[in-house]
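Participant: make a model of this:
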Amino acid sequence: MKCSMHAGKAYSVKHNERDFDKEKWNNDGHIDYSRSELNQTYLSQPLYEFFDEQFGDALVEYNDRSREKHPERLIGFSSAQDYDKCPLEERRQRAVKAYYREQKNKVQEVIIQLGNHEDYISLVEKVGQERADQIHTDYLKEAFERWKKENSSLVPFCAVSHFDETRDGTPHIHIDFIPIAESNRGLSRKVSMDGALNQIGFKRKKQHKYAETPYKQWLCAYRASQEQAAQQFVDRNELGLTIERSEPTKSRHEQPQDYKLRQAEQKRKDVEKKTEELQERETHLQQQALEYEFEPKGKFERESHYNARRELHEVKVGLKHVEETQALRERLIASERKKFEKYKNQEEQKLSEKAEQLFLIEENLDEEIETRAEIIAWKIAKEKQKESEEEAEKLLANNEYLDKRVKTLETELSLERSERYEYITSKPTSESLLNNRIDDKWHLYKDKLRGDYVIFSSFRGDLLGSIEARLDNADDFQNYDNIDPPQLHRSRGR
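Facilitator: Numbering: from 1, shown residues only. Just a heads-up that it's a prediction; the model follows:
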């Protein structure tokens, strides 16, 4: 016999307290309502009231301390002004509601039982139904009291034992709890699994491996403690049983629907095998009975014939029972398959909804990327337009400077010409020599002036061409002067 304990986050108060629609929750008939009166409720408190009782005072104290220095850390309030406006009698409830919404999914449940269905049936055959139920009642009550004593920081809010699931199970107890830790920082009393386990002696040490979390340490240690306590209980009641030690398994957790379906398939195979054996036995006995019909009816023969017919009758009765059992199992398999298909359809629907959401998110991201690309192009165009306008202004300024310089050179050339002319004409010489001198000087200065003017004209032409190119480039961006930058679209479905 084994003492089992399952721990996890899945729990249902409606299932534990039998507060549900019987047709919806018991369509496979695993609950025997004629035995529901044997169920016992050791503790039952609404989860919100449990949070108010356990954390209400700590939340009020924490908010009072945080209001001055850290108003952004207030629980249930957006700011210090919001906290001050709230009446004193409502502050506690607002903080509890906010903390409840945040931490209510941290509920854990353990299921503890002694043996499995076969062990329970054997115990009933050995000591009777009433005595077997009383033994399990005493054990489950003792297990709950031991839980409260050894796991003081894993505080239960619901504990119920079930005796009406013995058609394919055994009596067991559901314990729903919240891990609560005391702390010197932040909340003085808060929800924390690591902190709660640390208070009862389970914490990570340097020599521990990464996988050896405090939760796994506690789970392994408490299972060993449960098995030891179960062995003491069995010995105290003189049941003559031995509690087997549980071994760690590497098999993955199996959903209840899959487990029941697998069990039903295995039982169906066993029933089919037994049916074949009984049919072979029936055929053999019928042949044996026919042989005795034609043999002398001595005393020995009559007794053998009678025994064969009686055994044949028992085989027929057993075969009929097997057929009924097989029909029941087939109905159970059909029910489990229907449940499995429903569960599968629900999961597929969830996956399709999730895929649709991801598609919308991807579509919104594409739109946002396109809009941001338009904004970047607009900014680049505006910057290029600004640069082109500044360059054009510089070139225009240079053109004006060159125009002034050309005019200055022309003025200087005319002055120089007049001064040279006066200088040449001022000296006494012959009229022909004077004319030759004047012509030579005039041609010399004329060539020089023509060369300088050609150089400046060429430079000016290049400059004007550059200015025109810059202005043409700037005209490409004129359409941005009266256009506002692109706006980001609102995301849909996010």
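
Participant: most centrally placed residue in this structure?
Facilitator: Centroid-nearest residue in the chain: Lys354, 12.0 Å away (criterion: Cα atoms, centre = their mean).

Participant: any idea how far the helix or strand that that one is a member of is from the chain center?
Facilitator: Here Lys354 is covered by helix 299-426, with elements defined by DSSP states H and E. Chain-centre distance of helix 299-426: 20 Å, with Cα atoms, centre = their mean, to the nearest Å.

Participant: avg pLDDT for that helix?
Facilitator: Throughout helix 299-426, pLDDT has a mean value of 76.

Participant: and that helix, what does it pack onto?
Facilitator: helix 256-293, helix 431-475 (3 or more Cβ pairs under 8 Å, 6 or more residues apart in numbering; DSSP states H and E). To be clear about C-beta, it is placed using only N, CA and C from the backbone, and glycine gets the same treatment.

Participant: one step back: got a list of what the residue nearest to the centre of the chain touches?
Facilitator: Applying Cβ atoms under 8 Å, 6 or more residues apart in numbering to Lys354 gives no contacts.

Participant: rewinding a little: of the helices and strands packed on helix 299-426, which shows the lowest average pLDDT?
Facilitator: When I compare the helices and strands packed on helix 299-426, helix 431-475 is least confident, with a mean of 62.

Participant: confidence score at Glu53?
Facilitator: On the pLDDT scale, Glu53 is placed at 93.

Participant: name the nearest residue to Glu265, sequence neighbours excluded.
Facilitator: Leaving aside its sequence neighbours, Glu265 sits nearest to Ile333 (Cβ to Cβ, 6 or more residues apart in numbering; 6.8 Å).

Participant: the biggest strand by length in the chain pairs with which strands, parallel or anti?
Facilitator: Counting residues, the longest strand found in the chain (DSSP state E) is strand 172-182. Strands that pair with strand 172-182, judged by DSSP bridges, come out as strand 108-114 (antiparallel), strand 154-162 (antiparallel), strand 189-191 (antiparallel).

Participant: distance between that strand and the chain's centre?
Facilitator: Strand 172-182 sits 23 Å away from the centroid of its parent chain (Cα atoms, centre = their mean).

Participant: for it, which residues meet the burial criterion?
Facilitator: Buried residues in strand 172-182, counting neighbours by 16 or more other Cβ atoms under 10 Å, are found at 172-181.

Participant: pLDDT on that strand, on average?
Facilitator: Strand 172-182 comes out with an average pLDDT of 93.

Participant: could I have it exported to CSV, CA atoms only?
Facilitator: Written as CSV, here are the backbone C-alpha positions of strand 172-182 (Å, rounded to 0.1, in the frame of the first residue of the first chain):
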residue,chain,number,x,y,z
HIS,A,172,-9.1,11.4,0.1
ILE,A,173,-8.8,15.0,1.4
HIS,A,174,-8.4,18.3,-0.5
ILE,A,175,-6.4,21.0,1.3
ASP,A,176,-6.4,24.4,-0.4
PHE,A,177,-3.8,26.9,1.0
ILE,A,178,-1.9,30.2,0.5
PRO,A,179,1.9,30.4,1.2
ILE,A,180,2.3,33.3,3.7
ALA,A,181,5.7,34.8,4.7
GLU,A,182,6.6,37.3,7.4
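
Participant: for Asn16, give me its contacts.
Facilitator: Shown in contact with Asn16 (Cβ under 8 Å, 6+ apart): 158, 160, 162, 174, 176.

Participant: what about it, distance to Val160?
Facilitator: Note on Asn16: its distance to Val160, by Cβ to Cβ, to the nearest Å, is 4 Å.

Participant: what is in contact with these two at once?
Facilitator: Listed as contacting both Asn16 and Val160 by Cβ under 8 Å, 6+ apart are His174.

Participant: could you list the domains of this structure?
Facilitator: Domain segmentation of the chain under automatic domain parsing yields 3-250, 266-361, 382-480.

Participant: about what we covered before: and the residue nearest to Glu265, how many neighbours?
Facilitator: Using other Cβ atoms under 10 Å, Ile333 is surrounded by 17 other residues.

Participant: and the one 5 residues further on, by the same measure?
Facilitator: Other residues lying near Lys338 total 12 when counted by other Cβ under 10 Å.

Participant: now swap in the one 3 residues further on and tell me
Facilitator: By the measure other Cβ under 10 Å, the count of residues near Glu341 is 11.

Participant: what of Glu90?
Facilitator: 10.

Participant: measure Glu400 to Ser152 for me?
Facilitator: Applying Cβ to Cβ, the value for Glu400 to Ser152 is 94 Å.

Participant: ok, Thr242 next?
Facilitator: Relative to Ser152, Thr242 is positioned 31 Å away (Cβ to Cβ).
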